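In: Provide a 3D model corresponding to the input given below.
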Amino acid sequence: MAQQYVLAIDQGTTSTRCILFDQRARLAGVAQREHQQRYPRPGWVEQDAMEIWRNVERIVPQALRDSGITADQVAAIGIANQRETTVVWDRRTGVPIRRAIVWQDVRTEELVSELAEKPGAQRIRELCGLPLATYFAAPRLRWLLDNSAGLRDRAERGEVLFGTMETWLIWNLTGGADGGVHLTDVTNASRTLLMNLSTLQWDSELLAFFGIPEAMLPRIQASTAPYGKTSTVVPGIPIAAALGDQHAALFGQTCFARGETKCTYGTGGFLMMNTGSELVRSEHGLLTTIGYQIEREPVYALEGPIAVTGSLVQWIRDNIGLVASAPEIETLAATVEDNGGCYIVPAFSGLYAPHWRSDARGVIVGLTSYITKGHLARAVLEATAWQTREVVDAMNADSGLQARTLRVDGGMTADNLLMRIVADVLDIPVVRPFVAETVSLGAAYAAGLAVGYWPDLEGLRRNWRPAAQWTPRMDPRERADEYENWQRAVALTFGWVRRKNR
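Out: The predicted structure follows:
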């Protein structure tokens, strides 16, 4: 019998990748295509869902062709996706009613403020574990219903469908308008503000609060399940898993025990701690969410999203011109021993966890004539580290657990100086795994488990191998003093945006 593989589709914010893994979690093939980001107005971020689907149609056959692997050697497909990005499309034609609204989009800020004044707003976090914020899908869906002529009537009749990106791809892969399966998994459903975190079903109270017709919503299933088989692109392959990207990274990092914590460093930073079967309601500014669900039992998690990490490096490169390429930030920062008293808080469009302040805007503080380019570069890296510290502290406080190590992945982990700074400010080891593509790997692991390609979670743990580790070396008194300075800098970002008087 020919060797078998598992195929992961990783539909991310800026590109879509297809990666094939063998049983030892080694990459056997990969293909990738970027898609266009559109910014029609300040604060608006959109994508063309059809462009993303066409990219999937291209990269799946390409990955198979380039690796010499045939479709009958693929045991299953798993999908990971950018979460909260909202697509609505016509059930009959399969055409989106307008561009997808991306998770970074803040056009719903005024709507969210209005909803916050409605009776029942205080119940949202209790029911779904999330705060009422522009970050999540329900306000975007409500905005689409309010701002697209006739859409609400069509939604109530079930003529249009809603989904996040995994739902859109599964529907198309299983036939689209010709019998496509309309479903989501619990991790993505948990990011909508519409799913009850205890029942794992759409909540009637939340649907009524947001004014969302249930007829347009996908069916909710476990993260690993027989979703259906592909009828297009490469027909006949089981689609057996779906996970939001950060949940897939938790799974790919094999954080299967309570207290195990990972952070994915990309455009933003996304920390997640496994809290096991316990639904921990945050009192320190975190999100309560589903880590993953295998069969019947959900595994819960605490999450702390950080809006700006890698995008701060991009801003320093593209807007300020401090460096010519992203890797140069490490070289420049290494020319100095410390930040020289300078701190950068990148609240470009507010602060996410643990503050949740949409009125915050970025600041650079502590400037003196002593500050050089090296100090600014160092402050850029430290901004990511201190934001990580804020979230880890909140996780420890909420869970009653203690993060013993931080497993990291994402593009920024190539910056060794940054990883050392993160270890210093957290005062715990930071570990990067051998397989860096943890989002794709998590989707593959979940799909492989569903079809018996991998036998159990312990088998996945045996695949995990550390590639690099950083241990803390910072003096405790210096750590405490620097953290206090960081918190003072954060406080200066609050209140910069005020609502205009009407």
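In: quick check: buried residues in the longest strand anywhere in the chain?
Out: Determined from DSSP state E, the single longest strand within the chain is strand 297-306. Burial within strand 297-306, assessed by neighbour count using 16 or more other Cβ atoms under 10 Å, is assigned to 298-306. For glycine as for every other residue, the C-beta is placed from the backbone atoms N, C-alpha and C.
In: which residues of the stretch 51-200 of the chain fall in strands?
Out: 74-81, 87-90, 100-101, 160-163, 183-185 (DSSP state E, counting those that start in this stretch).
In: same question, the stretch 301-450 of the chain
Out: Using DSSP E, counting those that start in this stretch, strands in the stretch 301-450 of the chain cover 343-345, 363-365, 406-409, 430-433.
In: out of these, nearest to residue 155?
Out: Proximity to residue 155 (Cβ to Cβ) singles out strand 406-409 among the strands of the stretch 301-450 of the chain, at 37.5 Å.
In: tell me which other helices or strands the closest one touches.
Out: strand 261-265, helix 416-426, strand 430-433 (3 or more Cβ pairs under 8 Å, 6 or more residues apart in numbering; DSSP states H and E).
In: comparing the ones you listed, which comes out most buried?
Out: strand 261-265 (a mean of 28; mean count of other Cβ atoms under 10 Å).
In: how far off strand 297-306 does it point, in degrees?
Out: Angle, strand 261-265 to strand 297-306, by axes from the mean of the first three to the mean of the last three Cα atoms, to 10 degrees: 50 degrees.
In: quick one: mean pLDDT for the helix ranked longest in the chain?
Out: Identified as the longest helix of the chain according to DSSP state H is helix 373-399. For helix 373-399, mean pLDDT is 96.
In: run the chain-centre distance for that helix.
Out: 18 Å (Cα atoms, centre = their mean, to the nearest Å).
In: so which bits of it are buried?
Out: 374-396, 398-399.
In: now swap in stretch 190-205 and tell me
Out: Buried residues in stretch 190-205, defined by neighbour count with 16+ other Cβ under 10 Å: 190-197, 200, 202-203.
In: quick one: average pLDDT of that stretch?
Out: 96.
In: would TSV of the buried residues of stretch 190-205 with distance to residue 361 be doable?
Out: TSV is the format used below for those (distance: Cβ to Cβ, whole Å):
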residue	distance to residue 361
190	29
191	25
192	28
193	25
194	30
195	32
196	35
197	32
200	37
202	36
203	34
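In: isn't residue 415 right next to residue 384, touching?
Out: No - in this structure residue 415 lies outside contact range of residue 384 using Cβ atoms under 8 Å: 9.1 Å.
In: which intervals of the stretch 1-150 of the chain have sub-threshold pLDDT?
Out: 1 (pLDDT under 70).
In: mind listing the helices for it?
Out: Taking DSSP state H, counting those that start in this stretch, the helices of the stretch 1-150 of the chain run over residues 49-67, 109-116, 124-128, 137-147.
In: right, and the ones you listed - which one's nearest residue 83?
Out: Closest of the helices of the stretch 1-150 of the chain to residue 83 is helix 137-147, at 8.1 Å (criterion: Cβ to Cβ).
In: got the buried residues for that closest one?
Out: Buried, per 16+ other Cβ under 10 Å, within helix 137-147: 137-145.
In: can you list contacts of it?
Out: Helix 137-147 is contacted by residues 84-86, 88, 97-98, 101, 105, 107-108, 111-112, 115, 132-133, 151-152, 155, 162, 164, 191-194, 206, 210-212 when judged by Cβ atoms under 8 Å, 6 or more residues apart in numbering.
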